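*Asks:* Using only what follows, build the 3D model:
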Amino acid sequence: MGVFSSQPEQPQVMTTSPVKPKVIIVGAGIFGLSTAYYLAEDGYNITIFDQHAYDSGDGYKLNPGSTAASVDENKIFRASYGDELHYQRLAYEAREIWKKWSAELGDGKELFVESGMLRVQHSTQLDALECQTLANMKAEGLRDTQYVLTNEEDVRRATKNGWAHKLLKFAIPDGKDVTFEAVLDSTAGYVYPSKACAYLADKLRKKGAEFIEGPDKGVFVSFQVEGSGPSRRITGIVTKDGNEHFADLVIMACGSATPMLVPEVSRVLEATAGSVITIHLPPREEAPQLWDKYSQEQWPVIIGHDPDPEGRTVGSRSIYSFPRTEDGLIKIGYRVTKYTNYVKLPEFSRPISVPLRPGLDDTSIPLKSIEGIKTFVSTFLPDLAALPVAVTRLCFYTDSVDNSFLIDYLPDYNDSLFICTGGSGHGAKFTPILGKHVRDVVQKKPKTDLTYRWRWRPELPLGNGLEEGPDGPRTLDKQKRASPEDLKRAGW
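*Replies:* Below is the predicted model of the structure:
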């Protein structure tokens, strides 16, 4: 020391930075990648596992065998949450980063499209949920971003601000020229989840995160457990190829597969499937008017809610559609009923709902979904009714008992096992910001109003359909499924 210095040698003060834990994250979807990104940003040593070979040339490309919710062409971005102001604020926090990411990509490679969203009511009146949404928008100074169809002042503002062409009127069937009430949200639109996952994965690789993916080396089989009783800890995982992987913390972000991989959470989480169809427009040169009409510049996301038997509108009981993609595809989703798939697994004392096995199980959607979509199309998209259905898909979500996420340490493992899932069909919009709040929970920062709602909460009564169990009416084995012939018939 001091060999090259003419100054008197000074005493050396040794400083060391605390070594960040080694973290294994099982699941390379939205929850896993967002969490990994923020932990890696903070210096954690991250290894991510997934059964799908997303690190191959195909990346996060949607294919007919995939039931993962994170792998999808598009997902709705909205901040309309009724009285759940915490999710409204989180959505707008995410929105700013979505816009930043799109700007970073440049060359028109958007991750977030501000097409607007038309929230169509089930009657001529605004329901209680919509009134509460508008009240919260007003409280946050955002009421001027919302346009009510029958509000003359809102229509004038929509015209002035260039949104009037998306403030659409739709006749109520057999309603004698009466139209549905609707609200256009100019801050809403849609995001590209598959592209966002690929974007985050690239960022993570540049930060030094390791990806282990594929049908053998990336498949979680079991935990490695050290000790027993109060001293029990998870020290890593074993994958299908027999390899052992060690870590200080294991985060399970496995979406709809989480309940079957972590039995303790199967009481409060459930795999459920929404139904999705895709309609392919005729070639642009054959139907230029349709390509123009359903472009993101001319057409909004449309979401229509079905009331429950008591006449209330339930946020998850909906049918929705998107503007066309660059390839002329229009996606329509049906979540009036989210189906369950109960099976009896050896490790469980009772049947649980699990996602379908890609490429092995029947992924045809129930006829009930087709009939609901048919009604939606005839009402809101009638010029698409004669076009054939190009693709159908069952998209598996992870429902929680109260629709809030489950993001917390699992008790009895001495802070070595962490759960990060429970998207309930509304997690994708939070991709850019979710991991920031997950990191706060991992680091045991004081609970906020938001993260308190994500806590481990087995004390809550079963709800959101989880109380039905395998004898409920939504199980896939009770549904008549649509055949290819059903989808080829004129008007379906």
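
*Asks:* For residue 32, what are phi and psi?
*Replies:* As for residue 32, its main-chain torsions (degrees, to the nearest 10) stand at phi -70, psi -40.

*Asks:* got a list of what it touches?
*Replies:* 25, 26, 48, 50, 251, 253, 254, 420 (CB atoms under 8 Å, 6 or more residues apart in numbering). Heads up, the C-betas are built off the backbone N, CA and C, glycines and all.

*Asks:* Ok, residue 483 next?
*Replies:* Residue 483 neighbours (CB under 8 Å, 6+ apart): residue 364.

*Asks:* tell me the mean pLDDT over stretch 50-60?
*Replies:* Stretch 50-60 shows a mean pLDDT of 84.

*Asks:* Which residues does it contact?
*Replies:* 26-29, 32, 66, 68, 70-71, 193-195, 197-198, 201, 211, 213-215, 218-220.

*Asks:* Of these, which belong to strands?
*Replies:* 26, 211, 213, 220 (DSSP state E).

*Asks:* Neighbour count and pLDDT added to the residues you listed, as TSV?
*Replies:* As requested, the ones in strands among the contacts of stretch 50-60 are arranged in TSV below (neighbours: other CB atoms under 10 Å; pLDDT from 0 to 100):
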residue	neighbour count	pLDDT
26	27	98
211	20	97
213	18	95
220	22	98
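
*Asks:* What is the burial count for the closest residue to residue 287 other than its chain neighbours?
*Replies:* With CB to CB, 6 or more residues apart in numbering as the criterion, residue 287 has its nearest non-adjacent residue at 6.0 Å, and that residue is residue 281. Number of residues near residue 281 (other CB atoms under 10 Å) recorded here: 20.

*Asks:* Roughly how far does residue 281 sit from residue 332?
*Replies:* 13 Å (CB to CB, to the nearest Å).

*Asks:* Check residue 201 too.
*Replies:* 28 Å.

*Asks:* ditto for residue 412
*Replies:* 44 Å.

*Asks:* Was I right to think residue 347 contacts residue 263?
*Replies:* Yes. Taking CB atoms under 8 Å as the definition, residue 347 is a contact partner of residue 263 at 6.0 Å.

*Asks:* Those two: which has the busier surroundings?
*Replies:* residue 263 (13 against 9).

*Asks:* Next up, the contacts around that one.
*Replies:* 347, 348.

*Asks:* ok, now with 6 Å
*Replies:* By CB atoms under 6 Å, 6 or more residues apart in numbering, the residues touching residue 263 are residue 347.

*Asks:* Need the phi and psi values for it.
*Replies:* phi -50, psi -30.

*Asks:* Check residue 236 too.
*Replies:* phi 160, psi -160.

*Asks:* so how many other residues sit close to it?
*Replies:* Residue 236: 19 neighbours (other CB under 10 Å).

*Asks:* Tell me the first helix or strand C-terminal of the host helix or strand of residue 119.
*Replies:* Secondary structure from DSSP states H and E places residue 119 in strand 117-120. Using DSSP H and E, the helix or strand that follows strand 117-120 in sequence is helix 128-139.

*Asks:* quick one: that following helix to chain centroid distance?
*Replies:* Relative to its parent chain, helix 128-139 has a centroid offset of 23 Å by CA atoms, centre = their mean, to the nearest Å.

*Asks:* Neighbouring strands of the next helix or strand after that helix in the sheet, and parallel or not?
*Replies:* Next helix or strand after helix 128-139 toward the C-terminus (DSSP H and E): strand 146-148. Strand pairing for strand 146-148, using DSSP bridges, gives strand 182-185 (antiparallel).

*Asks:* List of residues touching the strand it pairs with?
*Replies:* Everything outside strand 182-185 that qualifies as a contact, by CB under 6 Å, 6+ apart, is 116, 117, 118, 119, 120, 146, 147, 148, 149, 166, 167.

*Asks:* repeat that for 8 Å
*Replies:* Residues contacting strand 182-185 (CB under 8 Å, 6+ apart): 78-80, 116-121, 126, 130, 133-134, 145-149, 158, 163, 166-170, 300.

*Asks:* what's the neighbour count on residue 286?
*Replies:* Neighbours around residue 286, by other CB under 10 Å: 9.

*Asks:* The stretch 351-492 of the chain: strands as residue ranges?
*Replies:* 352-353, 389-400, 406-409, 417-421 (DSSP state E, counting those that start in this stretch).

*Asks:* Export the ones you listed to a markdown table and append columns for distance to residue 342, mean neighbour count and mean pLDDT.
*Replies:* As requested, the strands of the stretch 351-492 of the chain are arranged in a markdown table below (distance: least, CB to CB, whole Å; neighbours: other CB atoms under 10 Å; pLDDT from 0 to 100):
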| stretch | distance to residue 342 | mean neighbour count | mean pLDDT |
| --- | --- | --- | --- |
| strand 352-353 | 5 | 26 | 97 |
| strand 389-400 | 13 | 22 | 92 |
| strand 406-409 | 20 | 22 | 98 |
| strand 417-421 | 19 | 25 | 98 |
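
*Asks:* I'm done for today, thanks for sticking with me.
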